[in-house]
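Novice: Here's a sequence, model it:
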Amino acid sequence: MSRSQIVVVDTMTFERSVLHDHFVSGERVLIIFGSLDGGLTGDRFTVVAPSWHTATRADGWRLRDDNGGERSYVTAAPKYLIHIEQDCLDCVTFFKQLKKWLLPVLPGRGPGETHSYAQTGDGQIVHIADEIAAATLPD
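Specialist: Residues are numbered from 1 along each chain as shown. Modelled structure (predicted):
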């Protein structure tokens, strides 16, 4: 039996405008990848250093995966990140928007993946909407 795969393209991540300096080295952040039992879930990272984000053609952040793994370090655009250890109105608002958009289309019980992000061979986390937009831009 095969199950269909849902790809959730949230426009709020693609359209989110957050400056590079909103985050600083040493901060802990979250990237939402799905849901678990009716709540949003994702991977936790520590912001390490500035790094060019190829897909968005903008300054991004080099992140250390708190769980280690095959790729302990990745690069992501600031608009993908959510502060997790501090009160940040922008990040709280963004999280609430994601929750409102994603939870109705993901499973209410057990795990659910958005499939909104991919990781490139050179360690870049890329939102599917940014990947599509980058493919249409001239070099």
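Novice: Assumed F33 was part of a helix.
Specialist: No - F33 is assigned strand when assessed by DSSP: H, G, I helix; E, B strand; the rest coil, not a helix.
Novice: who are the neighbours in contact with it?
Specialist: Going by CB atoms under 8 Å, 6 or more residues apart in numbering, F33 touches T41, G42, D43, E113, T114, S116, Y117. Glycine gets a C-beta too; all of them are placed from N, C-alpha and C.
Novice: so of these, which ones are in strands?
Specialist: T41, G42, D43, E113, Y117 (DSSP state E).
Novice: Drop anything exposed from those.
Specialist: Buried members of these, scored by 16 or more other CB atoms under 10 Å, are G42, D43, E113, Y117.
Novice: With distance to V8 and pLDDT added, can I get those residues in a markdown table?
Specialist: A markdown table is the format used below for those (distance: CB to CB, whole Å; pLDDT from 0 to 100):
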| residue | distance to V8 | pLDDT |
| --- | --- | --- |
| G42 | 13 | 93 |
| D43 | 16 | 93 |
| E113 | 9 | 87 |
| Y117 | 10 | 90 |
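Novice: okay, among those residues, which ones form the most distant pair?
Specialist: D43 and E113 (11.8 Å; CB to CB).
Novice: Summarise which helices and strands the top helix by length along the chain is packed against.
Specialist: Ranked by residue count and defined by DSSP state H, the top helix of the chain is helix 89-102. Under the contact definition 3 or more CB pairs under 8 Å, 6 or more residues apart in numbering; DSSP states H and E, helix 89-102 sits against helix 11-15, strand 28-36, strand 39-53, strand 82-83.
Novice: And that helix, what's buried?
Specialist: C91, F94, F95, L98, W101, L102.
Novice: what sits against the first one?
Specialist: C91 sits next to L81, I82, H83 when contact means CB under 8 Å, 6+ apart.
Novice: Mind doing that once more with 6 Å?
Specialist: I82, H83 (CB atoms under 6 Å, 6 or more residues apart in numbering).
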